[in-house]
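mind folding the following:
(chains A, B and C)
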Amino acid sequence: MSLHLGAFVQALGGTLIGASPETRVERIAPLEQAGPRDLSFLSHARYQHLLQTTRAGCVIVSPALQAAAQARGACIVVLDPYAYFAKATQLWRQHHDPVKPRGIHPSAVVDPEAQVDPTAWVGPLCVVGRGARIGADTVLASRVTLGDRCVVGDRCILHSGVVIGADGFGFAPEQGRWVKIEQLGAVRIGNDVEIGANTCIDRGALEDTVIEDGVKLDNLIQVGHNVHIGAHSAMAGCVGIAGSARIGAHCTVGGGAIVLGHLELADHVHVSAATVVTRSLNRPGQYTGMFPIDDNARWEKNAATLKQLHGLRDRVKALEQALKAAHNNNG
Amino acid sequence: MSLHLGAFVQALGGTLIGASPETRVERIAPLEQAGPRDLSFLSHARYQHLLQTTRAGCVIVSPALQAAAQARGACIVVLDPYAYFAKATQLWRQHHDPVKPRGIHPSAVVDPEAQVDPTAWVGPLCVVGRGARIGADTVLASRVTLGDRCVVGDRCILHSGVVIGADGFGFAPEQGRWVKIEQLGAVRIGNDVEIGANTCIDRGALEDTVIEDGVKLDNLIQVGHNVHIGAHSAMAGCVGIAGSARIGAHCTVGGGAIVLGHLELADHVHVSAATVVTRSLNRPGQYTGMFPIDDNARWEKNAATLKQLHGLRDRVKALEQALKAAHNNNG
Amino acid sequence: MSLHLGAFVQALGGTLIGASPETRVERIAPLEQAGPRDLSFLSHARYQHLLQTTRAGCVIVSPALQAAAQARGACIVVLDPYAYFAKATQLWRQHHDPVKPRGIHPSAVVDPEAQVDPTAWVGPLCVVGRGARIGADTVLASRVTLGDRCVVGDRCILHSGVVIGADGFGFAPEQGRWVKIEQLGAVRIGNDVEIGANTCIDRGALEDTVIEDGVKLDNLIQVGHNVHIGAHSAMAGCVGIAGSARIGAHCTVGGGAIVLGHLELADHVHVSAATVVTRSLNRPGQYTGMFPIDDNARWEKNAATLKQLHGLRDRVKALEQALKAAHNNNG
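Predicted structure coming up:
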């Protein structure tokens, strides 16, 4: 597998310096692993020191780092090296793996009343329910379930094991038993959405669960019924979004975070990993709530004290008052 | 799709006021979204203000809110509006989707030595192992695995991707390696149990893992080997129950909570979301342990101090002693 | 099902005392449940009191407990009773279930360019991609996906629903949108690795994701792209390992723990359940970070105070200074 440097700049722009466009690239590789026949990239100025030691044949860099990169060898100068690198991987993939599968794998079970765009791919052992719709160029990798009446837009990727449109978790308590609330809604997924392996998005109870355009979900995420995720938001693995939560656009949620039900997150809210969102977050910003890791012995001491923290506050208050009283007496 | 109001009260009881039983309902909808042809419900007095603004054709209410509801239009008066709503969704589903599938989808792989009740449904691409048993009216949605010798009772629903009876996680350490403990038990699931998409329940090591009647599990839950979950307990998504934990009846576990192994939870224990249960909980009640979310800058400060909390307590103690000594000196 | 006591000592060693080798064992059972025809084991001296009450026909014990065990009945004396028990379960399984499946189940979808060792088993409804390789005696239980070019060694077990080689979660932000970074690497899994149900291991972005020999992963674990897990490490259910994390050998990670991306854990690092690893851990040891559970009312008070903890520290500091000043004035 190889591609010449000229192919990158021809397709993606940028200025090639210090090498012929005919130079072959055998791999795209990180700076630390790259060899003389590899194309690499410097995504951020803080990694600039790696320029000293990398053996990469050519490095994608920003204009600010052009001089430093040129000093050591060939480079492609672009405004946004990381986005350029991303597109370079796409070019690489298209060049070496040009045939995109289309149609329905014979082992998939697709309801006759489902609508699958002829440019879409329904992979092996997928299940597509009655009235489901799949848009143009969308890929269901393998073993994906798309439930009845659920809709996926164009250019989406659903990885293996994804379940779209299982029943939301809805029960009414009655005399110590749970009465099932039938989940009559569906799931609507926009365009350019990617959904990671074994992630689940439940159908709505009465209305639909909605995932807007450009959303990216990692693996093993749970999205409850009637959730709404705004455009271009991204969530890392193991996140749980409880029912009827409303996530804004351009949000990010770190791995293992939990968003409780019926909350609202404004656009551009960023939730750190393993954080539990227990109230609506109405302003953009970074939010965190996670117990800092420590060696176990220290954690045990601090955790024990934490269970008396409210009492400790009262003791501080009492000290403040005692000191004030003493001061007044002495004054 | 529609149903007349009379069909609801005829099947489910309640008193229809302010409308003819012949009135057609085109949808069941939340108060905020409901229109003049929709049936809605008021599940709790705290939402009473929505009665002022809803455009719903008819609202299910409790006797206490009958007057307020009547003032604005038609209503169905019942003792428990939320449970009534749940049953109304069931009626709606039965009416519009009356044919329940029975039997085994041709793409499913069912061992000849498995026993599947003729009224049960084994959906597409399910796998049912040797000696497994599936009770009456139980539904395996699609891509469900039911392992060898595992038993599921009557009227259960197992959503897509569920894995029942994978090996429990059991290894004995020996000279830096792990020796597998063969998992010789199975999984026994009672009646009226619902299990969410991609949830896993492992088989027991020597004895069986047991899920009692009426238990409801959401998606992406992990239930370890030899766990026992008491009747009518419910767990939200992303929960993990470690091996040999014993959960009582009528418990609830919030999303993302973890219960460590070999613990016991009494009946009617309620664990908040994202809480880690590190000791047995012998008394009913609500239990919580979760770091409160904050904006990141404030969290960083508080988290840093938390790592010195035990020392802070010692400093308070020292202050208290110093103040006492000063007081004694001055007295 | 039964096996005589002599079969255990003949295959696994140990000294049988107080019973004939011809004695039949009908079950392997825990001390509390074992009856007169069952073989049990005493894994740790702290359970010694159970010897008084167990009805087990024969107990596997260490030399230190031989006298106590002998006093009550038959025993097998071995240096490591727990490892012996593990091997006893293997013997039991081999004896009663001797036929190991080999080959490819007809419902599996295996690419013609995949290489499956003839002694391996690819179970029902599995998907094996182009260029994937499966080693000798390895088992893919059912509904496992092994992606293109991914490699699994010898004697591995992949439980139902496992997804190996879905795309890693890689996107470059560009003008409020996410540009996909094609994931050009694969996944390499060593020998004697066990992977729990519905666990996901993503393919690397440029290099491979690597799982070394003897690693044991429980159910519903997420392993991000380019992660490296060292030999004989074990992780409990619901763990999330973010991209490019490097876990040492002989590590353990408790259930629900999260390891953030690009961190390194030294060999023999042990992470407690539900702990978030936010920095590299360069020294062996046990590390913890988890909010202690409490009844909800007490938790609320302590959590509220925690949000002002930094301020509380400042108040303690102020008190210390005031007291010092007072002391100096009085001195």
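
I'd say residue A:208 and residue A:184 touch.
No. Checked against C-beta atoms under 8 Å, the pair residue A:208 and residue A:184 is beyond contact range at 9.9 Å. Every C-beta, even on glycine, is put in place using the N, C-alpha and C of the backbone.

report the distance from stretch A:104-123 to the chain centre.
The chain centroid and the centroid of stretch A:104-123 are separated by 26 Å under C-alpha atoms, centre = their mean, to the nearest Å.

start and end of that stretch, how far apart?
6 Å (C-alpha to C-alpha, to the nearest Å).

for it, buried residues please.
A:104-105, A:107-110, A:114, A:116-117, A:120-123 (16 or more other C-beta atoms under 10 Å in any protein chain shown).

ok, stretch A:53-62 next?
Neighbour-count burial for stretch A:53-62 flags A:54-62 (criterion: 16+ other C-beta under 10 Å).

list the contacts of that stretch.
A:5, A:14, A:16, A:18-19, A:23, A:25, A:29, A:31-32, A:34-42, A:45, A:51, A:68-69, A:72-81, A:84-85, A:88 (C-beta atoms under 8 Å, 6 or more residues apart in numbering or on different chains).

which of those are buried? Put it as a ChimeraX command.
Of the contacts of stretch A:53-62, the buried ones go into a single ChimeraX selection, burial set by 16+ other C-beta under 10 Å:
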select /A:5,14,16,19,23,25,29,31,34,37,38,39,40,41,42,51,68,69,73,74,75,76,77,78,80,81,84,85,88
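
just flag the most distant two among the buried residues of stretch A:53-62.
Taking C-beta to C-beta, the two most distant members of those are A:55 and A:62; they sit 20.8 Å apart.

who are the packing partners of the helix or strand encompassing residue A:91?
Element membership for residue A:91, per DSSP states H and E: helix A:81-96. Applying 3 or more C-beta pairs under 8 Å, 6 or more residues apart in numbering or on different chains; DSSP states H and E, one finds that helix A:81-96 contacts strand A:3-4, helix A:5-12, strand A:27-28, strand A:38-41, strand A:58-61, strand C:171-174, strand C:177-180.

how about those in TSV, adding mean pLDDT?
Below are these laid out as TSV (pLDDT from 0 to 100):
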stretch	mean pLDDT
strand A:3-4	96
helix A:5-12	98
strand A:27-28	96
strand A:38-41	98
strand A:58-61	98
strand C:171-174	98
strand C:177-180	98
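
nearest to residue C:288, out of these?
Per C-beta to C-beta, nearest to residue C:288 of the helices and strands packed on helix A:81-96: strand C:171-174, 32.7 Å.

now the closest one: buried residues?
For strand C:171-174, burial by neighbour count (16+ other C-beta under 10 Å) applies to C:171-173.

need the residues of the stretch 1-150 of chain A near chain C, please.
A:27-30, A:33, A:80, A:82-83, A:85-87, A:89-90, A:92-93, A:105, A:107, A:123-125, A:141-143 (C-beta under 8 Å from any C-beta of the partner chain).

stretch A:105-125 near chain B anywhere?
Yes. Applying C-beta under 8 Å from any C-beta, one finds that stretch A:105-125 is in contact with chain B at A:107, A:109, A:125.

what does that stretch rub up against?
A:100-104, A:126-144, A:146, A:148, A:154, A:160, B:105, B:107, B:124-125, B:142-143, C:107, C:109, C:125, C:127, C:143.

domain-wise, how is chain A divided?
Following automatic domain parsing, one gets these domains for chain A: A:3-96, A:103-287, A:296-330.

helices of the stretch 51-200 of chain A, start to end?
A:66-72, A:81-96 (DSSP state H, counting those that start in this stretch).
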